[in-house]
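1. Okay, predicted coordinates and the sequence, questions at the end:
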Amino acid sequence: MSKASRQKQRLWLVIAFGFLIWGASQYQPHNQSANSVDKTSISSLYQQQKSDVLVEVSGVVSRILPDDTKGSRHQRFIITLPDKLTVLIAHNIDLAPRIDSLKVGDEVQVSGEYEWNNKGGVIHWTHHDPANKHPHGWIRYKGQLYQ
């Protein structure tokens, strides 16, 4: 291989590497969706009857419900948000660990997808997505992450 062809090859490698770096700088993680809102906006989502919105909230467990065992199993409980709105949490325990020690009065932080209903709404997708096609959700309880 001649000196000129080696220099040409190096030039193409530098250009390709530059494009690779530029492409990586344009990447935005999947969980930084334009549809996500902070914890103060759940009330407005409820009032506007919006669904399919990624949310992150903190609240106090106000009621523990029986697990939903039809289809995918879900641990269900209701939390009361700081503005007194109540929201059902449906946590898929086929994909994430069950929170066995959860009690009424405990504080939790939840990240998932909000779905409107006339009772305050539901937050689901509080688990990882094995297919990596949906932003991962989670529940933080007493310093432990359930995902």
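-> Here it is on my side, so go on.
2. from here on, contacts and neighbour counts on C-alpha atoms
-> Fine.
3. What's the local residue count around K70?
-> K70 has 7 neighbouring residues, counting by other C-alpha atoms under 10 Å.
4. how far away is it from R76?
-> Going from K70 to R76 by C-alpha to C-alpha, to the nearest Å gives 13 Å.
5. what about the strands in this protein?
-> Secondary structure of the chain (DSSP state E): strands at 53-68, 74-80, 86-92, 107-115, 122-124, 138-141, 144-146.
6. Turn these into JSON lines, including mean pLDDT.
-> Shown next, in JSON lines, are those (pLDDT from 0 to 100):
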{"stretch": "strand 53-68", "mean pLDDT": "97"}
{"stretch": "strand 74-80", "mean pLDDT": "98"}
{"stretch": "strand 86-92", "mean pLDDT": "97"}
{"stretch": "strand 107-115", "mean pLDDT": "97"}
{"stretch": "strand 122-124", "mean pLDDT": "98"}
{"stretch": "strand 138-141", "mean pLDDT": "98"}
{"stretch": "strand 144-146", "mean pLDDT": "96"}
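7. Spell out which residues sit in contact with the spatially most central residue of the chain, please.
-> By C-alpha atoms, centre = their mean, the chain has its centre lying nearest to G137, at 2.8 Å. Neighbouring residues of G137 by C-alpha atoms under 8 Å, 6 or more residues apart in numbering: V110, S111, G112, E113, W125, T126, H127, H128, Q147.
8. Check W138 too.
-> V110, S111, G112, W125, T126, H127, H128, L145, Y146, Q147.
9. Show me which of the residues you listed is closest to N118.
-> Of all those, N118 sits closest to G112, with 18.7 Å by C-alpha to C-alpha.
10. Give the bridge partners for S58, please.
-> Q109 (DSSP bridges).
11. list residues touching both of K70 and R76?
-> Counting by C-alpha under 8 Å, 6+ apart, K70 and R76 have no contacts in common.
12. returning to what we had before: tell me the two of the contacts of G137 that are most distant?
-> E113 and Q147 (13.7 Å).
13. Quick check: neighbours shared by these two?
-> By C-alpha under 8 Å, 6+ apart, E113 and Q147 have these common neighbours: T126, G137.
14. circling back: I'd like a version of the strands of the chain in JSON lines, one that adds distance to S5 as further columns.
-> What follows is the strands of the chain, written out as JSON lines (distance: least, C-alpha to C-alpha, whole Å):
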{"stretch": "strand 53-68", "distance to S5": "52"}
{"stretch": "strand 74-80", "distance to S5": "62"}
{"stretch": "strand 86-92", "distance to S5": "58"}
{"stretch": "strand 107-115", "distance to S5": "54"}
{"stretch": "strand 122-124", "distance to S5": "58"}
{"stretch": "strand 138-141", "distance to S5": "54"}
{"stretch": "strand 144-146", "distance to S5": "55"}
